[in-house]
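K.L.:
Provided below for reference: sequence and predicted model.
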Amino acid sequence: MEKFTKITGIAAPMPQINIDTDMIIPKQFLKTIKRSGLGVNLFDEMRYNSDGSEKPDFVLNKPAYRKTEVLVAGDNFGCGSSREHAPWAIKDFGIRCVIAPGFADIFFNNCFKNGILPITLPQEQIDVLMKDAEKGANARMTVDLEAQTVTTSDGEVFPFAVDAFKKHCLLEGLDDIGLTLAKATEIASFETKAAVQRPWV
Amino acid sequence: MSPKTLYDKIWDAHLVDTTEDGTSLLYIDRHLVHEVTSPQAFEGLRMAGREVHAPDKTIAVPDHNVPTTPDRVDGIKNEESRIQVDALDKNARDFGINYYPVDDIRQGIVHIVGPEQGWTLPGMTVVCGDSHTATHGAFGSLAHGIGTSEVEHVLATQTLIQTKSKNMKVEITGKLHPGVTAKDITLSVIGKTGTAGGTGHVIEYCGEAIRDLSMEGRMTVCNMAIEGGARAGLIAPDETTFEYIMGRPHTPKGAQWETALAWWKTLYSDDDAHWDKVVTLDADEIAPVVTWGTSPEDVLPITATVPAPEDFTGGKVDAVRRSLEYMGLTPGMKLTDIEIDTVFIGSCTNGRIEDLRAVAEIVKGKKVKEGIRAMIVPGSGLVRAQAEEEGLAEIFLAAGFEWRLAGCSMCLAMNPDQLEPGERCAATSNRNFEGRQGRGGRTHLLSPAMAAAAAITGRLTDVREMMTAPEPA
């Protein structure tokens, strides 16, 4: 997994609440058997007309936001399905961090598996970040995972909380499966015990 | 010993390891797999030279992509869909996991097949790369959706790295009125709590109205826990549960059944267990409901009118403005005046035999309104066979419904069953998101009985007006 340490980049504002996984990556793009190449279809139905041309009003189509690295979004971002295609598409587009007042659990979890940092902050702080993001390409936001801070283009600093284990994995780019396989003995002893207690499983 | 919730008890029974910061390794009893969220996980295993840790606890079935028309026996025409289904076929056979291929009568939607075959049992941990895994919570198992990286993790280790969720109790007191169903309960709960109301929580549904539900109804309720933001919803097992699971292909038999039963009977929340959040609804106040917007929380009784953006506050004002425009609705119009083009009956929410019986009861001897496309997609090949045996299929065909083969179908429109832009659908599925059933398609979520009523009248309809009064005793 790609490490996440510190990024400074363009932040795009998406104040809409309840941005669901069908909006992030519609189902017709779930037919892939790969993880890559989904960035072009990120927010597909919001981003393109049915003839495939771009909708000029959509934020990521505006010249200032075409290289967005941070998304500042409305509440309950990523609600809906468990499709990991959603974070894959976000990452493939080049976005490494999503900041919102709240996230759906499965999406939130999926981000960490893909080198994306989801940050939860109170609505009033999101309002400040949203205004900063609206400034466009000249305003660059900094997200520092080690320090656990978001810094606006004006230098205003917002600390954020993050689960210690998830932070460690992101900073080091660690593979979960490798970590768990190191506990093979514990898993085996659980299975031995369970085979006696719940043999029908 | 401190009092525990049902969730606490299942969690504790599956804990392999916990570190100081609360990050835990949880053992997984059942891993369900379908073709859309698994190919990358199997590819990951192959690249790392890893095996499936417990193939006997892993169950695969294709459902999302499969066509539901009779010509599917000739193969899947859409190339990408076919590649995904073929990949599952190869992965299942290469890794030696339990598998129900497209042409097996037991094939169907993964969340219908699991319980039907007795894979899902009380007190288990069940995961699947699909958010509607919450369905299995109806058996008193801890069941939730996972992403593809976690699918790979479970395949490789039979465990999941988790932090514990909070406990939320949703109690439905009293008894439901005639015409009001499990679907109306679960939608009404989401209408009350919102789509983020359960975020970070595991919901336990309880109360008289939940106890009175069949297993099919309980699965409908738990299925939509995710639309309320909770990864998992569960219901304590009882006699209804035990009766349903007894004798199924993969349930324990003989002495093992007795041992299992003794443990299952301990699976309930202790009286003074701690709840982080409690929501109570009176069944007496639940009416048949429909959704009017593009979020499952946009729920109203069928007798209501379309709301206005000004009726809301905060970010919801803009969201409602956007969704009314998308849905082509005007504030103040009666929900019963909304004309529909299509009816979709099926999905992991409402594709079980009891759902089909409810539809048959309404449409028997009647005709689908002219010009309406109405389809019924059973949740599994066995549900389909049972409906044919009970004579339900004949009723559907005589009324003018299309009678399909099993699959997810128009719930998420990954197969050829899709809405056209602007096409309006009364659907028994679980999501009314923009584009969910096809780009530009408009979805109204409702119960099977309500969908049946809409098929007959061609508009959203209060099913209670179409119900025959019970014969006096």
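P.N.:
Thanks, I have it.
K.L.:
which parts of chain A are strands?
P.N.:
A:6-14, A:68-73, A:97-100, A:117-120, A:140-144, A:149-151, A:157-159 (DSSP state E).
K.L.:
which of those sits closest to residue A:176?
P.N.:
Nearest to residue A:176 among the strands of chain A is strand A:117-120 (16.0 Å), distances taken as C-beta to C-beta. Placement of C-beta: from N, CA and C, glycine included.
K.L.:
so what does that closest one touch, helix or strand wise?
P.N.:
strand A:97-100, helix A:105-112 (3 or more C-beta pairs under 8 Å, 6 or more residues apart in numbering or on different chains; DSSP states H and E).
K.L.:
make it 10 Å
P.N.:
The helices and strands touching strand A:117-120, judged by 3 or more C-beta pairs under 10 Å, 6 or more residues apart in numbering or on different chains; DSSP states H and E, are strand A:68-73, strand A:97-100, helix A:105-112, helix A:123-133, strand A:149-151, helix A:164-172.
K.L.:
which helix runs longest in the chain?
P.N.:
Chain wasn't specified; assuming chain A. helix A:184-197 (DSSP state H).
K.L.:
that's the other chain; I wanted chain B
P.N.:
Per DSSP H, chain B has its longest helix at helix B:79-95.
K.L.:
show me what that one is packed up against.
P.N.:
strand B:30-33, helix B:39-48, strand B:58-60, strand B:98-99.
K.L.:
make a markdown table from those and add mean neighbour count, distance to chain A and mean pLDDT to it.
P.N.:
Below are those laid out as a markdown table (neighbours: other C-beta atoms under 10 Å in any protein chain shown; distance: least, C-beta to the nearest C-beta, whole Å; pLDDT from 0 to 100):
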| stretch | mean neighbour count | distance to chain A | mean pLDDT |
| --- | --- | --- | --- |
| strand B:30-33 | 27 | 8 | 98 |
| helix B:39-48 | 18 | 4 | 95 |
| strand B:58-60 | 24 | 13 | 98 |
| strand B:98-99 | 20 | 14 | 98 |
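K.L.:
out of the ones you listed, the one nearest residue B:287 is which?
P.N.:
Using C-beta to C-beta, the helices and strands packed on helix B:79-95 put strand B:30-33 closest to residue B:287, at 34.1 Å.
K.L.:
packing partners of that closest one?
P.N.:
strand B:58-60, helix B:79-95, strand B:98-99, helix B:110-116, strand B:125-128, helix B:148-157.
K.L.:
out of the strands of chain A, the one nearest residue A:181 is which?
P.N.:
Here strand A:117-120 is closest among those (C-beta to C-beta), at 25.1 Å.
K.L.:
could I have that closest one exported to CSV, CA atoms only?
P.N.:
Extracted in CSV, the C-alpha atoms of strand A:117-120 (Å, rounded to 0.1, in the frame of the first residue of the first chain):
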residue,chain,number,x,y,z
LEU,A,117,-6.8,9.3,4.7
PRO,A,118,-10.5,10.1,5.6
ILE,A,119,-10.7,12.9,8.3
THR,A,120,-13.7,13.6,10.4
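K.L.:
got the end-to-end distance for stretch B:454-467?
P.N.:
End-to-end distance of stretch B:454-467 (C-alpha to C-alpha, to the nearest Å): 13 Å.
K.L.:
can you pull the pLDDT of residue 5?
P.N.:
Using chain A here. pLDDT for residue A:5: 97.
K.L.:
meant chain B actually
P.N.:
98.
K.L.:
thought it was touching residue B:273?
P.N.:
Yes - the pair residue B:5 / residue B:273 is scored as a contact, 4.5 Å apart, by C-beta atoms under 10 Å.
K.L.:
which residues do these two both contact?
P.N.:
Residues touching both residue B:5 and residue B:273 (C-beta atoms under 10 Å, 6 or more residues apart in numbering or on different chains): B:167, B:169, B:204.
K.L.:
out of those residues, which is most surrounded?
P.N.:
Within those, residue B:204 tops the neighbour count with 28 neighbours, counted by other C-beta atoms under 10 Å in any protein chain shown.
K.L.:
list the helices and strands the helix or strand containing that residue packs on?
P.N.:
According to DSSP states H and E, residue B:204 maps onto strand B:201-206. Strand B:201-206 sits against helix B:6-13, strand B:142-145, strand B:166-173, helix B:182-193, helix B:215-223, strand B:232-234, strand B:277-282, with contacts defined as 3+ C-beta pairs under 10 Å, 6+ apart.
K.L.:
possible to save those as JSON lines with distance to chain A?
P.N.:
JSON lines is the format used below for the helices and strands packed on strand B:201-206 (distance: least, C-beta to the nearest C-beta, whole Å):
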{"stretch": "helix B:6-13", "distance to chain A": "8"}
{"stretch": "strand B:142-145", "distance to chain A": "4"}
{"stretch": "strand B:166-173", "distance to chain A": "11"}
{"stretch": "helix B:182-193", "distance to chain A": "11"}
{"stretch": "helix B:215-223", "distance to chain A": "13"}
{"stretch": "strand B:232-234", "distance to chain A": "10"}
{"stretch": "strand B:277-282", "distance to chain A": "15"}
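K.L.:
most tightly packed of the ones you listed?
P.N.:
With neighbours defined as mean count of other C-beta atoms under 10 Å in any protein chain shown, those peak in mean count at strand B:232-234, which reaches a mean of 30.
K.L.:
each with direction, which strands does that one pair with?
P.N.:
Strand B:232-234 pairs in its sheet with strand B:201-206 (parallel), by DSSP bridges.
K.L.:
which other helices and strands does whichever helix or strand comes after the partner strand contact?
P.N.:
Note on strand B:201-206: by DSSP H and E, the next helix or strand toward the C-terminus is helix B:208-211. Other helices and strands packing on helix B:208-211, by 3+ C-beta pairs under 10 Å, 6+ apart, are strand B:166-173, helix B:182-193, helix B:215-223.
K.L.:
export these as TSV, with columns for distance to residue B:21 and mean pLDDT.
P.N.:
Formatted as TSV, the helices and strands packed on helix B:208-211 follow (distance: least, C-beta to C-beta, whole Å; pLDDT from 0 to 100):
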stretch	distance to residue B:21	mean pLDDT
strand B:166-173	17	98
helix B:182-193	29	98
helix B:215-223	30	98
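K.L.:
ok so, going back, from the shared contacts of residue B:5 and residue B:273, which is closest to residue B:418?
P.N.:
residue B:204 (36.2 Å).
K.L.:
how about that closest one: which residues does it bridge to?
P.N.:
With DSSP bridges as the rule, residue B:204 is bridged to residue B:169, residue B:234.
K.L.:
that one contacts residue B:172, doesn't it?
P.N.:
No - taking contacts as C-beta under 10 Å, residue B:204 lies outside contact range of residue B:172: 11.6 Å.
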